[in-house]
Every structure is written in structure tokens, then in C-alpha cells.
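build me a model from this:
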Amino acid sequence: MATYAIGDIQGCYSAFQALLTQIQFDPNQDTLWIAGDLVNRGENNVDTLRFIKQLGPRAKVVLGNHDLHLLAHAYGVRPLHPSDTLQDVLTAPDKDSLLNWLQQQPLMHYDATHNVAMTHAGIPPTWSIKKAIKRAHEVEMVLRDSTLAPNFFFNMYGNQPDTWDKTLTGTDRLRVITNYFTRMRFCDAHGKLELATKNNPNNAPAGFAPWFSHPTPKWQGTKLVFGHWAALEGTTHTPNCIALDTGCVWGGRLTAYCLESQKKYSVKA
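Have a look, this model is predicted:
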């Protein structure tokens, strides 16, 4: 029995299947953790969703920004971008089943046995694991409610507010929580987000640093696995922060990390 965390698949179904073959994934014994961005920009989004969905409890999924974008479009509140490759999902006969399943997935998964947390982008240094779970749950409660979800998606996009404040309410509160979990790369020691920069972590904007590099974060002591930041090339230089997005959809590699052995495996795009 093994637990494998996999980074941003983004519809790269053939690479996904090649990686599962390499790690000899056994759906009867092993568990997959999928660190968000299951879809978009790759060649086969619909089979990626179908495969992960049919794994049932053997798959632990968190939502990424591309997954939320798919749902926002499906709710009719956001147009597709020219670079989106989501039509295979949107025209699939099982579209409703797949989207309903995706909408029920969380923003954060925490395993107390391994003391490992998974989110798509990370956890700000100002949040403990307990607080992060509570903040994720706030968004999940709204996201999973079909009467509240349209308003959530309509107001989800934007870079403000850029700092968590417990007095925030309504859409501002939900937006900043969502941005931390699904879009964050750089922030300052107080959790202020800088969302415009997507480049190498060595070229941080003035006053900011990679979210995982700040000393003594409140989540310290828990291992974090995350995707989202392909420019890291799978390296954080922070032992308890495991970067999984190695740019498969951009011609790089798709990577899996075994929680038990702490080994990484990867296949070429």
C-alpha cells in the first residue's frame, strides 16, 4: 500500500497513464493524491476526470485555479480563453456527472496519520493547519451549494483583497481565501499576496518571497505538498514543502511523490 501525490495533470492523460504505469499504481491498494489543476491546456481532459472520478475513495483531490475556471464557465459566469482546451468536457455525454463530482472536491486535504497537507498553491505563513482547514471549509460550503455557487464564481476573480483579515466578510473573504489556496506564489511575511509574478522564485518582487520560504510559518511541523508553480521545477529548498508541478503541459514532466518512501517519480510530457 502506497500513497502517491501527483502534480498538475492539466489534461495530459497519456503522461498521467505512463506515470501510473511507472509507479505500478494498484487501485485496489494504493491511493492517489491529486494536487489540483486536473484539467486545461492538455489534450484529454475528459478522460483524466473520468479516470480519477472512478477511483472513488482511492483518489484524494483538491481544486486548482483551472478546475475552478472550468466550473465558473459551466455556470455561465466566465467565458473560455483562447488557450483553454475544455471543450471535450463541456460536450461530453457525462458532463453533468463529471462537473458535479468536481464541484464537491475540497480546497485542502489533510492526513493526520502522515501529518501531510495538500493544497493546489500552498498555505500562507500566517495560517496554522487548523486555521487553514477552517478557511478552506468556508469556501467549500459555498462552492458545493448550487444556489450559492453562481455568485461565488461571479465574484471569484480578482486580486483584492490581497491580505487575510479575519474581519473580512462576503465575497472579499471568499476571494482571498481562494487566492491563497489556488493562486499564491509570492507573499510577504504577513501574508500579503503578490499575484502578478509567475517567474522563477529567485526573482521575487521587492518585499516578497516564495510563500514557503518565510521563517517559522504557523504551519511549521506539517509537510505540505502542492502544485501550481511550474517555474520551481519541483524544487523548493525547503524540506517539508514538496513542489509537484514540473510543467508537463508546457513540455516538461509529470511528477509523483510517494509519501511513504519520500521518493519522486516522473515521466516526460
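
which parts of the stretch 151-269 of the chain are helices?
Ranges of helices in the stretch 151-269 of the chain, per DSSP state H, counting those that start in this stretch, are 170-182.

would you map the strands across it?
With strands called from DSSP state E, counting those that start in this stretch, the stretch 151-269 of the chain shows them at 186-187, 193-194, 209-210, 223-226, 241-243, 253-258, 264-268.

so how far is the third one from its chain's centroid?
Taking C-alpha atoms, centre = their mean, to the nearest Å, one finds the center of strand 209-210 at 18 Å from the center of the full chain.

circling back: nearest to residue 54, of the strands of the stretch 151-269 of the chain?
Taking C-beta to C-beta, strand 253-258 is the member of the strands of the stretch 151-269 of the chain nearest to residue 54, at 18.8 Å. Quick note: C-beta positions are derived from backbone N, CA and C, even for glycine.

now that closest one: average pLDDT?
Mean per-residue pLDDT for strand 253-258: 98.

repeat that for stretch 79-94.
pLDDT averaged over stretch 79-94 gives 97.

go through it and flag the buried ones.
84, 85, 86, 88, 89, 90, 92 (16 or more other C-beta atoms under 10 Å).

equivalent analysis for stretch 39-57, please.
Buried-residue list, stretch 39-57, by 16+ other C-beta under 10 Å: 39-42, 44-53, 55.

tell me the two of these that are most distant?
The widest separation within the buried residues of stretch 39-57 (C-beta to C-beta) is 22.5 Å, between 41 and 55.

rewinding a little: residue 151 is nearest to which of the strands of the stretch 151-269 of the chain?
Going by C-beta to C-beta, the one of the strands of the stretch 151-269 of the chain nearest residue 151 is strand 193-194, 22.4 Å.

adjacent strands (with direction) for the closest one?
When pairs are called by DSSP bridges, strand 193-194 turns out to pair with strand 186-187 (antiparallel).

quick one, helices of the stretch 1-150 of the chain?
Along the stretch 1-150 of the chain, the segments classed as helices by DSSP H, counting those that start in this stretch run 13-22, 45-54, 65-74, 87-90, 95-103, 129-143, 149-156.

switch these over to JSON lines; also include distance to residue 34.
Formatted as JSON lines, the helices of the stretch 1-150 of the chain follow (distance: least, C-beta to C-beta, whole Å):
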{"stretch": "helix 13-22", "distance to residue 34": "10"}
{"stretch": "helix 45-54", "distance to residue 34": "6"}
{"stretch": "helix 65-74", "distance to residue 34": "10"}
{"stretch": "helix 87-90", "distance to residue 34": "16"}
{"stretch": "helix 95-103", "distance to residue 34": "11"}
{"stretch": "helix 129-143", "distance to residue 34": "16"}
{"stretch": "helix 149-156", "distance to residue 34": "21"}
